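Colleague: pasting the sequence and the predicted model now:
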Amino acid sequence: MIEYFKTTRELLQSFKEAKVVHFSRGQNKKADALSKLASIAYDHLAKGVKVETIKQPSISEEVVESVEAPEFRWMTPILRYLQEGVVPEDKQEARRLKIKAL
């Protein structure tokens, strides 16, 4: 969605005046109905309903965002236990860790 938003902002600069408003699905029944069409079979639709399936995104630019994870995360003790067999000295904590690791 971010790439579509960026493309939209670039296109908006070519207009004298424009306004972009985001509506949730609950506020836009037609868009909600269209989004549900993508997950159903088309055989039962009346012949007057035309459905176009887009096989590729309209934005071809692939974007990869880098994320730096902190050195210690909630799963670090579990990974250390599974990979190296390291458990806390406290027996209760060690027991909890082994249960989480399952």
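Modeller: Now that the structure is in, tell me what you want to look at.

Colleague: C-alpha from now on. contacts and neighbour counts both.
Modeller: Noted.

Colleague: residue boundaries of the helices in the chain?
Modeller: 2-12, 29-37, 76-84, 91-101 (DSSP state H).

Colleague: which strands and helices sit next to the third one?
Modeller: This points to helix 76-84. Contacts defined by 3 or more C-alpha pairs under 8 Å, 6 or more residues apart in numbering; DSSP states H and E place helix 76-84 against helix 91-101.

Colleague: can you tell me what sits against the helix it packs on?
Modeller: Pro77, Ile78, Tyr81, Leu82, Val87, Pro88 (C-alpha atoms under 8 Å, 6 or more residues apart in numbering).

Colleague: do the same with stretch 58-66
Modeller: By C-alpha under 8 Å, 6+ apart, the residues outside stretch 58-66 that reach it are Glu3, Tyr4.

Colleague: chain center to it: distance?
Modeller: On the basis of C-alpha atoms, centre = their mean, to the nearest Å, stretch 58-66 sits 13 Å off its chain's mean C-alpha point.

Colleague: average pLDDT for it, rounded please.
Modeller: The pLDDT scores in stretch 58-66 average 76.

Colleague: end to end on that stretch, go ahead and measure it.
Modeller: In terms of C-alpha to C-alpha, to the nearest Å, the two terminal residues of stretch 58-66 are separated by 23 Å.

Colleague: so in the chain, where's the weakest helix or strand by average pLDDT?
Modeller: When the helices and strands of the chain are scored by mean pLDDT, DSSP states H and E, helix 29-37 comes last with a mean of 75.

Colleague: buried sites along it?
Modeller: The neighbour-count check on helix 29-37 (16 or more other C-alpha atoms under 10 Å) flags nothing as buried.

Colleague: just the CA coordinates of it, formatted as PDB?
Modeller: The C-alpha trace of helix 29-37 is given here as PDB (Å, rounded to 0.1, in the frame of the first residue of the first chain):
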ATOM      1  CA  LYS A  29     -19.900  -0.900   0.700                       C
ATOM      2  CA  LYS A  30     -19.100  -1.000  -3.000                       C
ATOM      3  CA  ALA A  31     -15.400  -1.400  -2.500                       C
ATOM      4  CA  ASP A  32     -16.100  -4.000   0.200                       C
ATOM      5  CA  ALA A  33     -18.200  -6.000  -2.300                       C
ATOM      6  CA  LEU A  34     -15.500  -5.700  -5.000                       C
ATOM      7  CA  SER A  35     -12.900  -7.000  -2.600                       C
ATOM      8  CA  LYS A  36     -15.000 -10.000  -1.700                       C
ATOM      9  CA  LEU A  37     -15.400 -10.900  -5.400                       C
END
